[in-house]
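Undergrad: Prediction below, plus the sequence it came from.
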Amino acid sequence: MSRRRNYSRITRGLRFHLTFSYALFFSVLLIGIAWLFRERLASSLDDQVHAVLDQEWAAMKGYLRIERDGPHWYYDEHDPDESFIVERLRRVYLLADSKGKMIQASTDYQNLGIDSTADIKAALARALAGYQRDASKETFWTVRRDTRGAPYLIRAGIVFDEGHHAPFYVAIGTPLTNNFNIMREFTLACVGVILAALPLGLFFGWFTAGRALEPVLAVAQTAQRISGSNLSLRIPTRKANDELDYLILTFNRMIERLEASFQQMKQFTADVSHELRTPITGIRGQLEVALFTAKTTDHYKEAIINALQDIDRLSQLVRALLMLSQAESGQLALQKGRLDLSGVVRNSVEQFQVLAEAEGVHLSAEVPPACSADLDRVQIERMLTNLLSNAIKFTPQGGSVRVTLNTTAEGVELAVDDTGRGIAKEYLPHIFDRFYRVPGAGSAPGPDQGLGLGLSFVSWIVKAHHGSIDVESTPGRGTRFTIHLPVDREQPNPVEPPVPIMNEL
Ligand SMILES: Nc1ncnc2c1ncn2[C@@H]1O[C@H](COP(=O)(O)OP(=O)(O)O)[C@@H](O)[C@H]1O
Ligand SMILES: [Mg+2]
């Protein structure tokens, strides 16, 4: 229960995080764009109003004459256009003499506050200095506010009187209210759009993140429902072929593998119980029969011998199982060393000669004089023992078993051929399974019967050496096991020693 709560908290955290990042990114982007546009707008409005004032200044110079008796505006009073222009020029207008004394000022200009005499004188001095350097540099730009706070752009500079005797200070201006309003409206619109987009972005982000994380939640929930008894659960993919589908697929494959090994384990437990029960039942039967029916010492002896055989089989089985479990859990690590494989093969074949002769089977070996490789001696001997004992066991009298060893480009090739009873095609895929014995002749339980574990060991040993094993068989004609082992493949050398060898297994 608490784990479930944790999960949802984790996913919600991720969802929140994604939404938040998304909204943040969006807001920053919008604000950036809005700011950029605002700057552009402001500068173009500014340029515009400067250009207007420049034009007006030029016009003013055309209409205004400062003569001995004072300033005069020369224009055609009957021309409405000219009257209008001059009217506009004089709306925000100040004229002062070179001593800083105001001569004329419009009401609007007076509202802005007439410049002090000192200010005008200073401005005139600076303007004159600028004018002497460059006639176009005699200008001052200022922004001033009237008594009600409305902004005006003022262009001030010098104008000379007729005859060029003295400089006069002239300032004309234009209201900036319109521009300020445009800017304010634009800013408000931007703020409005951003404020409206933010919840929309948040909603959209929350929704998208939720959609994207849905499969993750599904994976987590399925994982929670999975236990040993319902490993068949799978998460359906969304057919989107994206990262999440890949996650789901990976997860499903993991469960598949778990299910397979779980199934194998269950099968193994069932097989082991079955294998253990057979000799135990045998022992019990023999002892019971002896107890109730045996009359002579020989009868008792026979029963005890039979029981001992079963006990041998039992302990063989238990040891084999122990080793198998060690092998499977990775504890049975290889102890590799430089090995004269030719010698090992020759030795094993020699050891089996007695058994082969007793069975009436011709056993031979074809090995190169020397063939060394980095292998685990104990395991390789165990592998040979299992293959040879099988070959001799399943080959009738008069048959033959041949072991060949060859070096190849990749490593070594070891083959065990026999002319025995062979294995039918349908059984071949199973012979490496644990406890698997081909049904039919020789499969009745008895002291001679194998455990069906030999080939699973062989297969494990080959795999542990990174080799491969193939089997070809024709029923009634014979069987050939071919093993390829790579040579000189460096492997770590773990310390865990293998369990003691038994004759077979
Ligand atoms: N050389 C062979 N010829 C015919 N059948 C074989 C041969 N080797 C193995 N088999 C079949 O494969 C089965 C599994 O072999 P193995 O794992 O060694 O078990 P076991 O030898 O204990 O029966 C054997 O029971 C047998 O039916
Ligand atoms: Mg065997």
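TA: Received it, and whenever you're ready, just let me know what you need. Numbers count the residues shown, from 1 in each chain. Ligands and ions are numbered 1, 2, ... in the order given.

Undergrad: Helix or strand next in line after the longest helix anywhere in the chain, which one?
TA: Longest helix in the chain, counting residues (DSSP state H): helix 2-63. The element immediately downstream of helix 2-63 (helix or strand, assigned by DSSP states H and E) is strand 64-67.

Undergrad: Would you mind pulling up the elements that the longest helix of the chain packs against?
TA: helix 80-89, strand 151-160, strand 167-175, helix 177-225 (3 or more Cβ pairs under 8 Å, 6 or more residues apart in numbering; DSSP states H and E). (Each C-beta comes from the backbone N, C-alpha and C, glycine too.)

Undergrad: Kindly recompute the last result at 10 Å.
TA: strand 70-73, helix 80-89, strand 151-160, strand 167-175, helix 177-225 (3 or more Cβ pairs under 10 Å, 6 or more residues apart in numbering; DSSP states H and E).

Undergrad: Can you list the buried residues in the lowest-mean-pLDDT helix or strand in the chain?
TA: Lowest on mean pLDDT, DSSP states H and E among the helices and strands of the chain sits helix 117-133, with a mean of 80. By 16 or more other Cβ atoms under 10 Å, the buried positions in helix 117-133 come out as 120-121, 123-124, 127, 130-131.

Undergrad: what distance separates the longest helix of the chain from the middle of the whole chain?
TA: 35 Å (Cα atoms, centre = their mean, to the nearest Å).

Undergrad: Now do it against helix 80-89, angle only.
TA: With axes from the mean of the first three to the mean of the last three Cα atoms, to 10 degrees as the basis, helix 2-63 and helix 80-89 are set at 120 degrees to each other.

Undergrad: what's the angle between helix 2-63 and helix 177-225?
TA: Using the same axes, to 10 degrees, helix 2-63 lies at 170 degrees relative to helix 177-225.

Undergrad: tell me the average confidence for helix 2-63?
TA: Mean pLDDT, computed over helix 2-63, is 85.

Undergrad: what's the helix or strand harbouring L324 packed up against?
TA: Assigning secondary structure by DSSP H and E places L324 in helix 297-328. Using 3+ Cβ pairs under 10 Å, 6+ apart, the elements in contact with helix 297-328 are helix 243-293, helix 454-464.

Undergrad: Out of those helices, which gets nearest to ligand 1?
TA: helix 454-464 (2.7 Å; Cβ to the nearest ligand atom).

Undergrad: now for the helix or strand just after the closest one, which elements pack on it?
TA: Remark: after helix 454-464, the chain's next helix or strand is strand 468-474, criterion DSSP H and E. Contact here means 3+ Cβ pairs under 10 Å, 6+ apart; on that basis strand 468-474 packs against strand 411-418, helix 454-464, strand 478-486.

Undergrad: For burial, what's the neighbour tally of L94?
TA: 23 (other Cβ atoms under 10 Å).

Undergrad: Start the count at 288 instead of 1 going forward.
TA: Shifting the count to begin at 288 puts that one at L381.

Undergrad: what helix or strand is it on?
TA: strand 380-383.

Undergrad: likewise R525?
TA: Going by DSSP H and E, R525 is not in any helix or strand.

Undergrad: ok, back up a step: and the least confident helix or strand of the chain, how far out from the chain middle?
TA: Per Cα atoms, centre = their mean, the centroid offset for helix 404-420 relative to its chain is 71 Å.

Undergrad: Next, the angle from that helix to strand 454-462.
TA: Relative orientation of helix 404-420 and strand 454-462, computed by the same axes, to 10 degrees: 100 degrees.

Undergrad: just checking, what packs against the helix or strand following helix 404-420?
TA: Next helix or strand after helix 404-420 toward the C-terminus (DSSP H and E): strand 427-432. Strand 427-432 is packed against helix 394-399, helix 404-420, strand 438-447, strand 454-462, with contacts defined by 3+ Cβ pairs under 10 Å, 6+ apart.
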